[in-house]
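> the following block contains a protein sequence and its predicted model.
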Amino acid sequence: MVSNLVTVVATPAPPTAPTVAVTSPANGYSAQAPANVTLTAIGSDGVLLTGMFLYLNGTLVASSATSPVNYSAVAM
């Protein structure tokens, strides 16, 4: 009788640096104050994104557990 030992090792994929892109407003957008503006950002880390946070002048204004994150700025 032959006995075989098989070992399987699964390693996680190496971490990928997160990427973020602002999708709204479009690059080059301009408006005259006061203006209502919707900000949208998408993100990915290649594995499992656990949160997106949007800051305006250093203040947290929106967050989301998943991508995208949106914020409507009124009368900016």
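Nice, thanks for sending it over. Everything numeric here is computed off the predicted structure, so don't read it as measured data.

> from now on I want contacts and neighbour counts done on CA atoms only, so please keep to that.
Noted.

> tell me what the longest strand anywhere in the chain is packed against?
What stands out as the longest strand in the chain, according to DSSP state E, is strand 37-44. In terms of contacts (3 or more Cα pairs under 8 Å, 6 or more residues apart in numbering; DSSP states H and E), strand 37-44 is packed against strand 19-24, strand 69-73.

> other SSEs contacting whatever helix or strand comes next after it?
Downstream of strand 37-44, the first helix or strand assigned by DSSP states H and E is strand 52-56. Helices and strands touching strand 52-56, as assessed by 3+ Cα pairs under 8 Å, 6+ apart, comprise strand 59-64, strand 69-73.

> contacts for the longest strand of the chain, please.
18-25, 49, 52, 67-76 (Cα atoms under 8 Å, 6 or more residues apart in numbering).

> buried subset of those, written for ChimeraX?
To isolate the buried members of these in ChimeraX, using 16 or more other Cα atoms under 10 Å:
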select :52,67,68,69,70,71
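
> picking up where we left off before, how about the helices and strands packed on strand 52-56 in CSV, adding distance to Q32 and mean pLDDT?
Listed next are the helices and strands packed on strand 52-56 as CSV, based on distance: least, Cα to Cα, whole Å; pLDDT from 0 to 100:
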stretch, distance to Q32, mean pLDDT
strand 59-64, 21, 90
strand 69-73, 13, 89
